[in-house]
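>>> Quick one, what's the 3D model for this:
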Amino acid sequence: MKKVLLLIAVILGTSVMVNAQTAPAKTTPTKEVKATKHAKHAKHKAEKAAKMEAATEKK
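Numbering: from 1, shown residues only. Now for the predicted structure:
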């Protein structure tokens, strides 16, 4: 009987140690850094918009 109680204590103690949380969990999400757009992409987009506008004016 003593061995059974000792075995139960060991199993419960081990499960508590395994499931113990060592560090507090972060509740706030990390802030994402927005990627900066390159000037050449903006220039290309502006040129494309100008071409589309010119094409619609011709019709």
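
>>> Figure out the helix or strand that Lys48 lives in.
For Lys48, the host element (DSSP states H and E) is helix 39-58.

>>> Okay, buried residues for that helix please.
For helix 39-58, a neighbour-count test (16 or more other Cβ atoms under 10 Å) marks nothing as buried. Backbone N, C-alpha and C define where each C-beta goes, glycine included.

>>> so how far is that helix off the chain centroid?
From the chain centre to the centre of helix 39-58 is a distance of 35 Å (Cα atoms, centre = their mean, to the nearest Å).

>>> Same check on stretch 18-35?
Chain-centre distance of stretch 18-35: 10 Å, with Cα atoms, centre = their mean.

>>> got it, and stretch 13-20?
When C-alpha coordinates are averaged (Cα atoms, centre = their mean), stretch 13-20 and its chain have centres 29 Å apart.

>>> Can you give me the buried ones in that stretch?
Neighbour-count burial for stretch 13-20, counted by 16+ other Cβ under 10 Å, picks out no residue.

>>> With only the CA atoms kept, save it in PDB.
Presented in PDB, the C-alpha positions along stretch 13-20 are these (Å, rounded to 0.1, in the frame of the first residue of the first chain):
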ATOM      1  CA  GLY A  13       4.500  15.300  -9.000                       C
ATOM      2  CA  THR A  14       6.000  14.500 -12.400                       C
ATOM      3  CA  SER A  15       2.900  15.600 -14.300                       C
ATOM      4  CA  VAL A  16       2.800  18.900 -12.300                       C
ATOM      5  CA  MET A  17       6.500  19.600 -13.100                       C
ATOM      6  CA  VAL A  18       6.000  18.800 -16.800                       C
ATOM      7  CA  ASN A  19       3.000  21.100 -17.100                       C
ATOM      8  CA  ALA A  20       4.400  23.900 -15.000                       C
END
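
>>> what's the average pLDDT for that stretch?
Averaging pLDDT along stretch 13-20 gives 85.

>>> Same check on stretch 23-42?
Averaged across stretch 23-42, the pLDDT comes to 70.
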